[in-house]
Structure formats: C-alpha cells, structure tokens
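Visitor: when you get a sec, could you give me coordinates for this:
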Amino acid sequence: MRKRKPGKLFIVSGPSGSGKSTVLREVFARRTRMFFSVSATTRGPREGEKDGVDYYFVTKEEFEKMIEGGLLLEHAQYVGNYYGTPKAPVEEKLREGNDVVLDIEVQGAEQVKRKAPEAVSIFLLPPSLEELERRLRGRGTESDEKIRSRLERAASEMKLAPNYDYNVVNDNVEEAADEILRIMRRATHRR
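Guide: From the prediction side, this is the model:
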C-alpha cells in the first residue's frame, strides 16, 4: 500500500473586513480534501458564530496556558484580543494528506513561515481602504473607535502584502475564490 503524501499548508491573511471568511467559504464549497484550521481567540463571539466551528472561544487565562504549553502553531494579539492556531489538529490533518488552510493575522503568518517555509502564503486585499471602511461599518458590530483602530491596523498590514507569495484583490468573491483555487492547484501539483 502506498503511503499518502502529506498535505500542503496554506496561509491566508488580510485586514479585517477584506472578506477572508466569505471568500474561504466559497473556496471550501468547491474543493475537497481540505481542512480549515479553527483558531482560538479571547474575543467574544459575534452573532451567529459557534464555538468550535468559527473559533474556539477561550478566556485570556486559558489562552496564556496554551502559549506556555507550546500548544499553538502561532499566536498574536489583535485589537486587544489573542488569536492563535492550535498545533495538533493542523499537524494531524497534514499527516493524513489533507491540505490545511490557516486564516491568520500577519504576525501569525510570519511565525508560521519561519517554522514552515514551504507553506504557501496568500494575502487578500480589499479593493480600497474606502471599501474596507464601508464593509466594516456594514457589519454593524463595532464602535467607531474599534473601526478606526481596525482601519489603522489594515493600512499597516497592507504594507506587508509584498511579503506574501501571492496577493489577491477581493472586489468580487467568486473571482477571488477562483484565483485562490488556481494558486492551490499549482502549489499541490508542485509537491
């Protein structure tokens, strides 16, 4: 019996409001044998989000224990909350031959690229900062102060886009998903 090849690790980053979740939902609807890594966070759930599906919602103390125990592939602090990727499920899925997608912040992406330079990194950009602001305000979930903070952070994150293997502009969800799927096909055929 032939041993299955390990899966490929994909990193997807982009500023809050760039449409990562929406585009990745479209990608996953069209591609099988791929695992979405659920991140842990200390932020509270947004309306409709489910623990263990969208995020693992944990306390600050629980998160800090995960850091101390070396249980995270990466972690970062963003707008006052911790975010991180539990290591064990990612390693298991890669060993099983599944491709794994990490939807992570730029700090975490840098950590993962240092540990796994073969990972393919994709930065999802909004068409403009004005469009990004419109999307963030359209959520209706955050104060003006939080939105301002996210926009400032987005401007600095977008300066890091050239550090990624690929940049994809999300001005149309289906087209952005098509481009990410093309990138994934090329990367998996080069194994």
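
Visitor: pull the helix or strand with minimum mean pLDDT from this structure.
Guide: Within the chain, no helix or strand scores below helix 129-139, which has a mean of 80 by mean pLDDT, DSSP states H and E.

Visitor: which residues touch the next helix or strand along the chain from that helix?
Guide: Sequence order places helix 144-158 as the next helix or strand after helix 129-139, per DSSP states H and E. Residues external to helix 144-158 that are found in contact with it (C-beta atoms under 8 Å, 6 or more residues apart in numbering): 13-18, 78-79, 105-106, 125-126, 129, 132-133, 136-137, 142. All C-beta spots, glycine's among them, are computed from the backbone N, C-alpha and C.

Visitor: for ChimeraX, what selects the buried ones among these?
Guide: The following ChimeraX line selects those of those that are buried, judged by 16 or more other C-beta atoms under 10 Å:
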select :13,14,15,16,17,18,78,105,106,125,126,132,133,136,142
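
Visitor: ok, now which ones touch the one residue sitting closest to the centre of the chain?
Guide: Central residue of the chain (C-alpha atoms, centre = their mean): residue 103, 1.0 Å from the mean position. By C-beta under 8 Å, 6+ apart, the contact list for residue 103 reads 12-13, 20-21, 24, 36-37, 39.

Visitor: which residues in the protein form helices?
Guide: Along the chain, counting by DSSP state H, helices occupy 20-30, 60-68, 87-95, 106-115, 129-139, 144-158, 173-189.

Visitor: now render those helices as a markdown table, adding distance to residue 48.
Guide: Output for the helices of the chain, formatted as a markdown table (distance: least, C-beta to C-beta, whole Å):
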| stretch | distance to residue 48 |
| --- | --- |
| helix 20-30 | 11 |
| helix 60-68 | 22 |
| helix 87-95 | 23 |
| helix 106-115 | 24 |
| helix 129-139 | 12 |
| helix 144-158 | 19 |
| helix 173-189 | 18 |
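
Visitor: just those helices: most buried one?
Guide: Mean neighbours per residue, mean count of other C-beta atoms under 10 Å, is largest over the helices of the chain for helix 106-115, with a mean of 18.
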